[in-house]
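# Turn this into a structure:
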Amino acid sequence: TGWEDWVPPALRRLPLGTRGVLLINLLVFVVGAAFPDHPMLGSRAAQHALAIQPSGAFKDPPISLLKESLRAVTHAFVHGSALHLFFNMMSLVNIGQIIETTIGTAPFLVLCAQLLGAYSSLLFAIAAAAAVNPQLSFRSLDAKMVGFSGVLFGLFTVQALAEPPGSTGINRLFFLLVAQYLLFPSSSLLGHSVGIAAGFAYSRGYLSWSDASRSLILRIEKSLHAFDGVVRSRPGSWLV
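Numbers count the residues shown, from 1 in each chain. Sure, this is the predicted structure:
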């Protein structure tokens, strides 16, 4: 028996990229829940240590900026509750399969990294503007932010803008933004809106400078094929 026999069939059917991101988020949450009081692994400690606080980047630079830059990555894989994780991962399974099947596994992973980078950079830019002019400040900038939803809203935006003219993708996107805030008032409206902005930036070509080369994409796809059979290999079919 191989390791595949230990994986539920529904999970095995997911494309590798979507499955990998899903499993990382689940693993971080399960470890935190299993050791809630651990000073480093516990869920409360992780939320404190790995969460991004945009305004904190400018409180004691350059050390604070370096710390928040690292948290710009780690915060996406930490969730505040089981409900938070559930809704985000359900959204990931939904939109991740659609996009990964369309553009390929390696391009999908590159896209997620681009959206995460753009999302975090935009948050820092807003925080920097607020540090210069406090009238531009948002309460969310001082909050500890966690979760994959910034990337998810970016993915939803990329998919909506890739739909044919006259489709309802943009309407659905903003309905989702408003509905999530009304249902979960503690969620970050600013963070989700910035995720949408990151998706717009990608779709309009403003992130093209960070695209991986075709040869790199092909090498990654080849390596992924050797590791797992459920790889969507369409490295030339980008969403634009």
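
# residues in contact with the helix or strand where Y181 lies?
In the assignment (DSSP states H and E), Y181 maps to helix 169-183. For helix 169-183, the external contacting residues (C-beta atoms under 8 Å, 6 or more residues apart in numbering) are F153, F156, T157, Q159, A160, L161, E163, S187, L189, H192, S193, I196. In this view, the C-beta of every residue, glycine as well, is placed from N, C-alpha and C.

# switch the cut-off to 10 Å
Contacts to helix 169-183, defined as C-beta atoms under 10 Å, 6 or more residues apart in numbering, come from residues 87, 91, 149, 152-153, 156-163, 168, 187-189, 192-193, 195-196, 199.

# Check stretch 53-72 too.
Contacts of stretch 53-72 (C-beta under 10 Å, 6+ apart): 49-52, 75, 78, 116-117, 119-128, 130-132, 137-146, 150, 190-191, 194.

# Now with 7 Å, please.
The contact list for stretch 53-72 (C-beta atoms under 7 Å, 6 or more residues apart in numbering) reads 50-52, 120, 123-124, 126-128, 130-131, 141-144.

# Need the buried ones from those residues selected in ChimeraX.
To isolate the buried ones among the contacts of stretch 53-72 in ChimeraX, judged by 16 or more other C-beta atoms under 10 Å, type:
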select :50,51,52,120,123,124,126,127,128,130,131,141,143,144
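
# which one among the contacts of stretch 53-72 gets closest to P8?
Proximity of those to P8, judged by C-beta to C-beta, is greatest for L50, which lies at 27.5 Å.

# ok, now how distant is the closest one from R44?
The gap separating L50 from R44 is 11 Å, by C-beta to C-beta, to the nearest Å.

# what do you get for G169?
Distance of G169 to R44, given as C-beta to C-beta: 38 Å.

# When the two are compared, which one has more neighbours?
Regarding G169 and R44, a neighbour count based on other C-beta atoms under 10 Å identifies G169 as having more, with 16 against 12.

# ok, the residue sitting nearest the centre point of the chain to L176 distance?
The centroid of the chain falls nearest to V151 when counting by C-alpha atoms, centre = their mean (2.8 Å). Relative to L176, V151 is positioned 14 Å away (criterion: C-beta to C-beta).

# hang on, isn't S188 packed against M145?
Yes: S188 lies in contact with M145 (C-beta atoms under 7 Å); the separation is 5.7 Å.

# Please compute how far the helix-or-strand element of the chain with minimal mean pLDDT lies from its chain's middle.
Between all helices and strands in the chain, the lowest mean by mean pLDDT, DSSP states H and E belongs to helix 9-12, at a mean of 75. Here helix 9-12 shows a centroid-to-chain-centroid distance of 22 Å under the convention C-alpha atoms, centre = their mean, to the nearest Å.

# Does anything pack onto the strand or helix carrying L111? Which helices or strands?
Assigned by DSSP H and E, L111 belongs to helix 105-132. In terms of contacts (3 or more C-beta pairs under 7 Å, 6 or more residues apart in numbering; DSSP states H and E), helix 105-132 is packed against helix 16-34, helix 149-162, helix 189-203, helix 214-227.
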